[in-house]
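Undergrad: for reference, the sequence and a predicted model appear below.
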Amino acid sequence: MNPEVSYCSLVNSPPEQVAATLAPLRSLDPEVVLAVDDRVDSAWIDGYRQIADRVFLVSYPGSFARTYAWLREQCAGRWILQLDADEVPAPGLAAEVAATIAAGDVTHAWIRCRWLYPDAHSYLAPWPWRPDYSLRLLRNDPAVVRFPAQMHATVAAIGPKRYLREPLYHADLLTDVAARERKHARYEAGRPGFVIDGLSLNEVYYLPERRSDLRMLPVPEEDAGAVAAFLEPSLLPRRREARPPASVAHVALDEIVARSEHRELGEDDYRASLTLLDDDLRLVAREWRTFDVEVRNLGTTQWPGGLDARPQTASATAGSPSAAGTRRACRRASAARCAPAQARSSRSRCSVRRPSAGTRSRSTSCTSTCAGSAAPYGRGSTYARRRGARPER
């Protein structure tokens with residue numbers, strides 16, 4: 001039987017601190033999945049095993065954002081709660097998460113983050129540090145969730161949502177200024193031109209001392225104990241009752257990156273066959289009609305679906321003339337996804353118009369509906385694709 005909630009995190013901090021993050025969530029009894037930076041002190045590994053159900057040693061891929069799609073696949077829970085290694089939840093968050101899941105009326109929930117500064121007793125009150133909502137609770141369903149693998153935009157979801165009142169406390173600003181300046185420079189290089197309040201987002205968030213209008217609020221008394229326990233952890237991780245220590249698996253970087261939207265596809269990954277499904281190809285002048293095409297993935301990797309997903313895959317027909325002067329041209333991104341060795345069907349349509357004399361055709365955009373599943377399209381799978389054109393004067 002799958003657990004109700006999986007807690008997952010990418011960690012490079014001592015296991016005592018990870019245990020302090022988990023302590024306020026104990027009432028959820030979550031499955032704990034940890035992806036551990038393989039550069040950490042090897043003496044920490046046994047501590048992770050005591051507090052987790054699954055432990056993976058992962059190589060740093062240049063940006064942790066590239067690991068989230070892979071990490072989601074390791075979670076067995078119906079819901080996923082994801083926190084960063086430098087965060088601790090307020091004690092009241094677990095009850096609010098449980099209530100959200102029990103209500104069953106949303107697909108995801110945003111949790112506000114309070115940035116501790118300049119010490120553990122206060123947090124930043126002005127915009128943009130407050131409110132700073134982050135998508136951390138989501139249904140474990142690939143039909144509603146995707147992971148863009150972009151810095152500061154690591155997850156996206158569709159469907160009804162909720163904004164929770166209980167916060168997370170973020171401790172990143174408690175490091176020294178020099179370390180935060182290096183992070184700012186690194187993040188700026190990774191995603192330049194991201195602006196908020198007319199300044200670099202990374203500068204605004206990570207270097208608050210450059211602002212002259214800062215205002216702080218005290219950490220509420222009911223949350224102060226969890227924050228203090230996180231920043232100065234004293235208890236060694238203990239094995240959870242009735243659960244053996246987690247096994248440890250080392251995951252190759254290629255396996256992780258293969259799930260990332262921002263990976264590069266090779267020529268073989270785009271191999272495909274196209275089959276025209278219509279047997280009546282007649283066209284009448286100035287008529288709009290559909291042509292259904294089935295595309296079979298013959299490559300070695302899944303194709304992402306949707307116009308926003310990356311890397312893009314699309315089918316196309318050349319604009320060569322056919323009978324009676326008709327020209328067809330259409331290039332369209334995939335409407336759905338399918339993992340390798342899975343077969344899913346999707347039917348989509350667009351109209352092809354026979355142009356009048358003196359006109360020429362161009363590709364047209366069309367909406368798409370999936371008749372099978374929203375899972376990824378993988379090797380050996382098929383889906384129906386539209387192709388068509390409309391005149392351009």
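TA: On my side now, so go ahead.

Undergrad: what's the closest non-adjacent residue to the residue nearest in space to the middle of the chain?
TA: By CA atoms, centre = their mean, the chain has its centre lying nearest to Phe147, at 2.0 Å. Sequence neighbours aside, Ala69 is the residue nearest to Phe147 in space, at 4.0 Å (criterion: CB to CB, 6 or more residues apart in numbering). The C-beta positions use only the backbone N, C-alpha and C, and glycine is treated the same way.

Undergrad: tell me how many other residues surround that neighbour.
TA: 25 (other CB atoms under 10 Å).

Undergrad: quick one: mean pLDDT for the helix or strand where it lies?
TA: Element membership for Ala69 (DSSP states H and E) is helix 68-73. Helix 68-73 carries an average pLDDT of 90.

Undergrad: give me the helices and strands touching that helix, please.
TA: Counting contacts by 3 or more CB pairs under 8 Å, 6 or more residues apart in numbering; DSSP states H and E, helix 68-73 packs against strand 5-11, strand 79-82.

Undergrad: just name the most buried of those.
TA: strand 79-82 (a mean of 24; mean count of other CB atoms under 10 Å).

Undergrad: related to what we said a few turns ago, who wins for proximity to Ala246 among the helices and strands packed on helix 68-73?
TA: strand 5-11 (12.9 Å; CB to CB).

Undergrad: okay, now the domains of this protein?
TA: Structurally, the chain divides into domains by automatic domain parsing as follows: 5-257, 267-392.

Undergrad: report pLDDT for Gly190.
TA: Listed pLDDT for Gly190 reads 71.

Undergrad: surely it meets Ser63?
TA: Yes: with contacts counted by CB atoms under 8 Å, Gly190 reaches Ser63, the gap being 6.2 Å.

Undergrad: check what contacts the lengthiest helix in the chain and list those residues.
TA: Ranked by residue count under DSSP state H, the longest helix found in the chain is helix 177-190. Contacts to helix 177-190, defined as CB atoms under 8 Å, 6 or more residues apart in numbering, come from residues 63, 151, 172-173, 200, 202-203, 206-207, 209.

Undergrad: list the buried residues in it.
TA: Residues of helix 177-190 classed as buried: 180, 183-184, 187-188 (neighbour count, 16 or more other CB atoms under 10 Å).

Undergrad: and which of these is nearest to Ala226?
TA: Checking the buried residues of helix 177-190 against Ala226 with CB to CB, the nearest one is Arg180 at 23.4 Å.

Undergrad: what about the residue lying closest to Arg243 once chain neighbours are set aside, neighbour count?
TA: Excluding its sequence neighbours, the residue lying closest to Arg243 (CB to CB, 6+ apart) is Asp53, at 6.7 Å. Neighbours of Asp53 under the rule other CB under 10 Å: 21.

Undergrad: and stretch 76-86, how far out from the chain middle?
TA: Mean-position distance between stretch 76-86 and its chain equals 12 Å (CA atoms, centre = their mean, to the nearest Å).

Undergrad: which outside residues touch that stretch?
TA: With CB under 8 Å, 6+ apart as the contact definition, stretch 76-86 has outside contacts at 2-13, 17-18, 21, 25, 28, 30-31, 68, 71-72, 89, 97, 101, 136-140, 155, 168, 170-172.

Undergrad: can you get me the start-to-end distance on it?
TA: End-to-end span of stretch 76-86 (CA to CA, to the nearest Å): 24 Å.

Undergrad: measure Glu188 to Cys113 for me?
TA: Shown here: Glu188 relative to Cys113, a distance of 21 Å by CB to CB, to the nearest Å.

Undergrad: show the average pLDDT along stretch 108-120.
TA: In this model, stretch 108-120 has a mean pLDDT of 97.

Undergrad: which parts of the stretch 151-300 of the chain are helices?
TA: Secondary structure of the stretch 151-300 of the chain (DSSP state H, counting those that start in this stretch): helices located at 177-190, 201-206, 221-231, 253-257.
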